[in-house]
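A.B. asks: only geometry, no sequence info:
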């Protein structure tokens, strides 16, 4: 990348929780999808990790926004600012002129035309000249290392922050897909609600997120790899006095039960709409779990027991979509499923 390189190629996984940018096959940005704006001028103060530090701790002059909700853009202006800020981090050096960008961006497979348009517009405002979109389950499959153009069925369940994408892929296209708006954020909200109802302790979204990471589970019996109890500190909801509550993974498994059951149902619905020939391939190949939700303890075992098809967790579930968009970027001319 010299002084005069006119185009720069980047691949982006624009997620509800994290945004990852690849450039030259390397992950250059992996930050939370949060942006902090000045309330009076709407100028950007911080983006990514620094903005996440401010999240839920701001004073009246600063607003921290998560521009994406449920996998789609909820706040257009903030999203554009965030993309701009993160793209700046890719090449922090001074340039004579900003290069025009060729971008590949992952979008949820259940997106409407309007939502796709919003992503494309944001990318163009942030400096993208050639913007290609790719469906996230497709990108996840490529990132896991499956041959998506082969005539055999592969099934991907990508549990992100805002939406769960379930897709059956064959011959470089999505055969049946199911996109539900129940994912990591809903699990976090379940935990918040449970702590408030059961223990009378008020917890913030970030605290609930930490509980999910430390003791989140999908099964009430994890055997040997059970996590330690996690101590939650917060105000009593009624008296406002400080409380310390130890939380064990069994309670969290109970409180996440309903949301996980909805994900199970969605997987079954997608399988129901799968042609029998591809169904046979899926039973022999297994189903791949990607996205941050795949890290929930015991989720693969629970789904395997319920559906009787083996579930495999991708080796780096958080990065599989990003890796896939990176590979798609290199093969822009070859892959027919990229949307202009």
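C.D. replies: Right, received. Where do you want to start? Source: prediction; values computed, not measured. Numbering: from 1, shown residues only.

A.B. asks: Other residues contacting stretch 6-15?
C.D. replies: Contact with stretch 6-15 is made by 1, 19-24, 33, 68, 71, 83, 87, 90-91, 99-107, 119, 123, 129, 136, 139, 160-162, 321-322, 325-326, 328-329, as judged by C-beta atoms under 8 Å, 6 or more residues apart in numbering. C-beta here means a position set from N, CA and C on the backbone, and glycine is covered the same way.

A.B. asks: what's the spacing between stretch 140-153 and its chain's center?
C.D. replies: 19 Å (C-alpha atoms, centre = their mean, to the nearest Å).

A.B. asks: list the buried ones in that stretch?
C.D. replies: Across stretch 140-153, burial judged by 16 or more other C-beta atoms under 10 Å covers 140, 141, 142, 143, 144, 146, 148, 152, 153.

A.B. asks: Stretch 210-228 now?
C.D. replies: 210, 211, 212, 214, 215, 216, 217, 218, 219, 222, 226.

A.B. asks: Quick check, the fourth one in contact with residue 227.
C.D. replies: Pointing back at residue 214 there. Yes - contact criterion C-beta atoms under 8 Å: residue 214 and residue 227 qualify, at 6.2 Å.

A.B. asks: any idea of the mean pLDDT in the lengthiest helix in the chain?
C.D. replies: Counting residues, the longest helix in the chain under DSSP state H turns out to be helix 249-272. Averaged across helix 249-272, the pLDDT comes to 93.

A.B. asks: by contact count, what packs against it?
C.D. replies: Judged by 3 or more C-beta pairs under 8 Å, 6 or more residues apart in numbering; DSSP states H and E, helix 249-272 is in contact with strand 154-159, strand 164-170, strand 173-180, helix 184-198, helix 205-215, helix 299-307.

A.B. asks: and stretch 305-322, how far out from the chain's middle?
C.D. replies: Distance, centroid of stretch 305-322 to centroid of chain: 14 Å (C-alpha atoms, centre = their mean).

A.B. asks: no wait, stretch 126-139
C.D. replies: Worked out by C-alpha atoms, centre = their mean, stretch 126-139 lies 15 Å from the chain centre.

A.B. asks: What residues of it count as buried?
C.D. replies: Those would be 126, 127, 128, 131, 132, 133, 134, 135, 136, 137, 138, 139, for stretch 126-139 by 16+ other C-beta under 10 Å.

A.B. asks: Endpoint to endpoint, that stretch covers what distance?
C.D. replies: The separation between the terminal residues of stretch 126-139, taken as C-alpha to C-alpha, to the nearest Å, is 22 Å.

A.B. asks: Surely residue 279 is within a helix?
C.D. replies: Yes - applying DSSP: H, G, I helix; E, B strand; the rest coil, one finds residue 279 inside a helix.

A.B. asks: ok, it to residue 155 distance?
C.D. replies: 9 Å (C-beta to C-beta, to the nearest Å).

A.B. asks: Need the residues touching each of these two.
C.D. replies: By C-beta under 8 Å, 6+ apart, the residues touching both residue 279 and residue 155 are residue 271.

A.B. asks: And the two? Which one has more around it.
C.D. replies: Per other C-beta atoms under 10 Å, whichever of residue 279 and residue 155 has more neighbours is residue 155, with 30 against 16.

A.B. asks: which ones are touching the most centrally placed residue in the chain?
C.D. replies: The chain has residue 160 as the residue nearest its centroid, 3.3 Å off, counting by C-alpha atoms, centre = their mean. Going by C-beta under 8 Å, 6+ apart, residue 160 touches 15, 16, 17, 71, 108, 136, 183, 184, 291, 292, 293, 321.

A.B. asks: how about these in CSV, adding distance to residue 242?
C.D. replies: Shown next, in CSV, are the contacts of residue 160 (distance: C-beta to C-beta, whole Å):
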residue, distance to residue 242
15, 34
16, 32
17, 29
71, 36
108, 40
136, 41
183, 32
184, 28
291, 35
292, 30
293, 32
321, 40
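
A.B. asks: Between these, which sits nearest residue 191?
C.D. replies: residue 184 (10.9 Å; C-beta to C-beta).

A.B. asks: burial of the closest one, as a residue count?
C.D. replies: Applying other C-beta under 10 Å, we find 25 residues neighbouring residue 184.

A.B. asks: Also residue 327?
C.D. replies: Residue 327: 18 neighbours (other C-beta under 10 Å).

A.B. asks: Spatially nearest residue to it, not counting backbone neighbours?
C.D. replies: residue 142 (5.1 Å; C-beta to C-beta, 6 or more residues apart in numbering).

A.B. asks: Determine the three-state secondary structure at the one you found.
C.D. replies: helix.
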